[in-house]
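Asks: Provided below for reference: sequence and predicted model.
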Amino acid sequence: MRSAGGELRFSYLMMGVLFLIIISAVLAGIWSSYETSMNSLGSNKERLRNMTEAHIDNSFRLIDTGLKIYDSTYNEEMQEAFVPVMAEYERAGGDPSRMDLAGLKSQIGGMDIYTIDERCVIDHTTKQSDVGLDFRVIYPDFTAYLDGIRNTSGFYPDRVIQDWINGTLTKFSYMPTPDHRYVIELGLVSERFERERMELQYSDVVDEVRAFDPYLEEVLLFQKQKRLVYNTSYVPTPEESAMLDYLLWENRTKQVVAGPGAGRTVVWLPIDLRDPTYSADMSIFAKLTYNDNLLADEQDRVGSLHGLAAVLVILTGAFLSITVSRKMARPIQQLVEDVDAVAGGDLDHAIRPATWYEFSTLAGKTAVMVDRLKEQIRQREASEQRFVDLVQLLPQGVFETDRDGTVTFANPAALEAFGLGEDDLARGVTIFSVIAPVDRGRVEQAFHLILGGGKTSGSEFLCLRADGTGFPALVYSAQRLEDGGVAGIRGGIVEISRLKQVEAEVRQLNAALEARVEERTRQLEEAVGELRAFTYSVSHDLRAPLRAIDGYSAILAETAGPRLEDRDRHYLDEIRQTVRQMAGLIDGLLALSRLDRQEFNPERFSPTPLVMEVVSVVIDQDPSREVSVTVGELPPCCADRSMLRQVFANLLGNAVKFTRHAAEPEIEIGATNEGTEIAYFVRDNGVGFEMAQAGNLFRPFQRLHGADEYEGHGIGLATVERIVRRHGGRIWAVSAPGTGSTFFFTLPSPGP
């Protein structure tokens with residue numbers, strides 16, 4: 001069944017698949033039919049049982065209805081019989097022992113007379129065998145009926161039932177005595193009772209259902225007294241007596257129990273015929289015994305038939321699968337033979353045509369594939385030759401090794417670099433032998449790393465020529481795979497002697513350049529220091545002449561002011577105003593100069609208290625103005641506390657100044673996220689400015705508004721910009737004329 005290689009033949013596989021398909025499909029149908037048949041047998045049996053029980057229940061109720069009509073025909077006769085009986089009770093003074101019961105019985109046509117006292121016990125009767133009969137013991141439910149009618153008046157007829165003592169069919173009627181001490185009972189016995197009941201027999205119904213239901217094996221009909229209908233001598237078994245007690249006094253519903261024998265089921269079916277109009281309980285308790293073995297036999301027969309059908313299907317399926325698989329596998333086998341010939345190296349072997357469209361197409365495509373394979377082999381051989389020629393012509397060295405590090409291939413460039421020849425390779429050369437001892441350990445480590453699947457970038461090693469001289473080289477290598485496994489490594493070698501020389505020259509040039517940059521930096525720092533000193537000196541030296549000019553102007557205005565004309569006094573005021581403005585510019589210039597020399601002490605803190613302090617100071621400078629200042633949530637920052645106070649003071653002072661003409665001046669101080677940074681901002685609804693002028697905001701002495709409209713020297717925002725820049729942050733503004741301005745600045749992150 002298997003080929004030479006141990007593989008399963010397609011023809012046998014197809015045979016097995018067809019066999020499984022046929023068998024699975026047909027057996028599934030057989031199993032479905034078997035399940036349906038089994039379910040049908042079970043459901044039919046259950047349906048037949050329900051119909052049997054329903055027929056018994058309906059038939060017994062119809063019989064009882066007929067008997068009830070017949071029993072009521074004696075009511076008038078018995079009611080008339082109570083007249084002399086009650087008269088005799090009155091004559092005896094309500095004492096039953098003084099009544100002439102024997103004479104009364106003859107007078108009323110032979111009916112038996114019973115007096116039932118308040119204990120529900122028969123104390124006097126014409127039927128001596130019933131004297132002392134206690135209804136509380138034999139009929140507890142009848143006791144309740146007697147207690148219910150004792151204190152009433154009237155005639156209460158009952159049904160024809162079996163007497164408790166001997167089972168004689170008797171019709172009873174009841175009437176309470178006028179003093180309500182006794183209930184008088186009359187019992188009528190007639191041969192017609194037996195004849196009437198023989199005409200409406202329960203046994204006929206039993207015979208009908210037994211003929212109708214083959215599973216019904218036995219039917220027993222019990223009355224309330226636990227007597228078997230038509231067989232008063234039958235004594236119930238303890239199990240039957242216990243079930244009857246349960247049905248009589250606890251639960252009058254159908255009960256299903258296991259039968260006394262194997263394969264039997266017993267159904268107790270109570271037919272509740274109680275009528276509140278009568279005291280007698282005419283209910284029938286049917287014990288139905290079903291033979292379950294009949295159903296099992298039928299199920300075995302159905303299973304045997306389906307099993308026989310399954311065997312026949314298996315045999316037929318095997319024959320069909322063998323026949324069809326052989327016919328379908330023949331062209332495939334032919335194609336396999338042709339492909340085996342081609343696989344054996346005979347690419348010129350012709351692919352024979354096959355029958356059927358699919359196999360014919362497969363054979364044609366296989367022939368085309370063989371032709372293409374021959375063309376690809378030719379192209380691959382040509383490509384390999386080109387690759388070999390290219391490797392031989394490369395100026396860089398190319399080599400291959402086995403798993404032990406022995407060089408198996410080296411192009412002419414590699415052989416020349418190491419001073420080796422083809423004879424040396426034939427004798428055996430390892431990559432470790434052409435590496436200087438100082439780098440041999442690194443080479444071994446890299447070699448095993450690459451064999452294990454690791455990766456390395458180009459590494460520099462000191463290599464050895466055959467004459468013992470060394471040279472630096474960069475080696476690039478990777479795994480060499482053959483037949484799905486690691487056969488060694490393959491790599492390239494680049495001699496870098498010239499590159500090393502160039503690197504040395506570059507390092508010398510870099511060192512010279514760094515020395516020149518360091519010298520220029522030192523010269524620049526000296527020039528900046530001299531400039532700062534000059535600025536501070538000039539600013540400081542100008543203050544004395546300005547104070548002299550301002551002082552002499554003040555003296556001149558005080559001594560000669562009354563003698564001066566208005567124009568001269570105006571010029572004198574302009575001189576003083578200009579001197580003060582110049583003094584302010586000098587103060588700002590000195591502040592900028594000191595800022596670069598001020599000690600920088602950054603610390604982590606929350607700026608909120610500092611801002612609240614600055615707000616209070618700035619607002620208190622002009623108590624006459626009402627400015628609304630809102631301070632939002634300000635995250636912690638890392639800054640120099642005094643410098644940050646100067647930033648907020650300058651920005652808040654500008655906001656207060658430029659909201660001077662706003663109807664309701666509003667200023668907001670807060671923070672927002674700018675990407676990964678936190679930007680603090682001061683926003684106002686003041687005069688604003690054009691964004692085209694934003695480039696001049698932070699330059700010293702640059703003003704966007706005239707000094708006659710808004711005071712200032714153009715130093716505040718320059719100071720803010722320099723403080724923020726010294727912290728390593730940045731500052732910018734967003735504004736529009738008439739809508740106010742917002743100044744943003746960032747500070748370094750305070751860290752966790």
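Replies: That came in fine, so what should we check first?

Asks: what about the residue lying closest to residue 494 once chain neighbours are set aside, which SS state?
Replies: Closest residue in space to residue 494, ignoring its immediate chain neighbours: residue 474 at 4.6 Å, by C-beta to C-beta, 6 or more residues apart in numbering. To be clear about C-beta, it is placed using only N, CA and C from the backbone, and glycine gets the same treatment. Taking DSSP: H, G, I helix; E, B strand; the rest coil as the rule, one finds residue 474 in the strand state.

Asks: now residue 214
Replies: coil.

Asks: distance of residue 517 from residue 511?
Replies: 11 Å (C-beta to C-beta, to the nearest Å).

Asks: wait, I meant residue 745
Replies: From residue 745 to residue 511 the distance is 41 Å (C-beta to C-beta).

Asks: which of those two has more neighbours?
Replies: Comparing residue 745 with residue 511 by other C-beta atoms under 10 Å, the one with more neighbours is residue 745, at 23 against 10.

Asks: pLDDT wise, what is the more buried one at?
Replies: pLDDT recorded at residue 745 is 94.

Asks: ok, now residue 259?
Replies: Taking residue 259 on its own, its pLDDT is 77.

Asks: I'd assumed residue 289 was in contact with it.
Replies: Yes: if you go by C-beta atoms under 8 Å, residue 259 and residue 289 touch, sitting 5.9 Å apart.

Asks: Overlap in contacts, these two.
Replies: 265, 266 (C-beta atoms under 8 Å, 6 or more residues apart in numbering).

Asks: ok so, going back, the residue nearest to residue 494: neighbouring residues, count only.
Replies: 16.

Asks: who are the neighbours in contact with it?
Replies: Counting by C-beta under 8 Å, 6+ apart, residue 474 has contacts 458, 459, 460, 493, 494, 496.

Asks: in the sheet, who's paired with it?
Replies: residue 460, residue 494 (DSSP bridges).

Asks: Let me know the distance separating it from residue 462.
Replies: Counting by C-beta to C-beta, the gap from residue 474 to residue 462 is 12 Å.

Asks: And for residue 272?
Replies: 115 Å.

Asks: before we move on, back to that, from the contacts of residue 474, which would you call buried?
Replies: Using 16 or more other C-beta atoms under 10 Å as the burial test, the contacts of residue 474 include 493, 494, 496 as buried.

Asks: quick check, distance from the helix or strand harbouring residue 305 to the centre of its chain.
Replies: Counting by DSSP states H and E, the element that carries residue 305 is helix 293-343. Taking C-alpha atoms, centre = their mean, to the nearest Å, the mean C-alpha location of helix 293-343 is offset from the chain mean by 46 Å.

Asks: quick one on the thing from earlier: got the contacts of residue 474 as JSON lines, with distance to residue 227 and pLDDT columns?
Replies: Converted to JSON lines, these look like this (distance: C-beta to C-beta, whole Å; pLDDT from 0 to 100):
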{"residue": "458", "distance to residue 227": "115", "pLDDT": "75"}
{"residue": "459", "distance to residue 227": "115", "pLDDT": "82"}
{"residue": "460", "distance to residue 227": "120", "pLDDT": "83"}
{"residue": "493", "distance to residue 227": "120", "pLDDT": "86"}
{"residue": "494", "distance to residue 227": "122", "pLDDT": "84"}
{"residue": "496", "distance to residue 227": "125", "pLDDT": "77"}
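
Asks: Tell me the one of those residues nearest residue 623?
Replies: residue 458 (76.5 Å; C-beta to C-beta).

Asks: where's stretch 101-111 relative to the chain centroid, distance-wise?
Replies: For stretch 101-111, the distance to the chain centre is 92 Å (C-alpha atoms, centre = their mean).

Asks: Output it in PDB, but only the C-alpha positions, please.
Replies: Output in PDB follows, covering the C-alpha atoms of stretch 101-111 (Å, rounded to 0.1, in the frame of the first residue of the first chain):
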ATOM      1  CA  LEU A 101     -87.500  -0.400  64.500                       C
ATOM      2  CA  ALA A 102     -88.700  -3.800  63.300                       C
ATOM      3  CA  GLY A 103     -92.300  -2.600  62.800                       C
ATOM      4  CA  LEU A 104     -91.100   0.500  61.000                       C
ATOM      5  CA  LYS A 105     -88.900  -1.700  58.700                       C
ATOM      6  CA  SER A 106     -92.000  -3.700  57.700                       C
ATOM      7  CA  GLN A 107     -94.000  -0.500  57.300                       C
ATOM      8  CA  ILE A 108     -91.600   1.300  54.900                       C
ATOM      9  CA  GLY A 109     -91.000  -1.700  52.600                       C
ATOM     10  CA  GLY A 110     -88.100  -3.500  54.300                       C
ATOM     11  CA  MET A 111     -85.600  -0.600  54.400                       C
END
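
Asks: So which residues of the stretch 301-450 of the chain form strands?
Replies: Using DSSP state E, counting those that start in this stretch, the strands assigned to the stretch 301-450 of the chain run over residues 397-401, 407-410.

Asks: Given the longest one, what are its sheet partners and their directions?
Replies: Each strand pairing with strand 397-401, determined using DSSP bridges, is listed with its direction: strand 407-410 (antiparallel), strand 485-495 (antiparallel).

Asks: Below-threshold pLDDT in the stretch 101-250 of the chain: ranges please.
Replies: 197-201, 232 (pLDDT under 70).

Asks: cutoff 80 now
Replies: 162-167, 193-208, 210-212, 224-227, 229-233 (pLDDT under 80).

Asks: What residues of stretch 171-188 count as buried?
Replies: 171-177, 182-188.

Asks: let me redo that: stretch 163-170
Replies: Quick answer for stretch 163-170 (16+ other C-beta under 10 Å): 163, 164, 169, 170.

Asks: same question, stretch 624-635
Replies: 627, 629, 634.

Asks: Which of the contacts of residue 474 sits closest to residue 398?
Replies: residue 493 (7.7 Å).

Asks: Touching, residue 480 and residue 451? I think so.
Replies: No: at 9.6 Å, residue 480 does not count as touching residue 451 under the criterion of C-beta under 8 Å.

Asks: Give the residues shared as contacts by these two.
Replies: 486, 488, 489.
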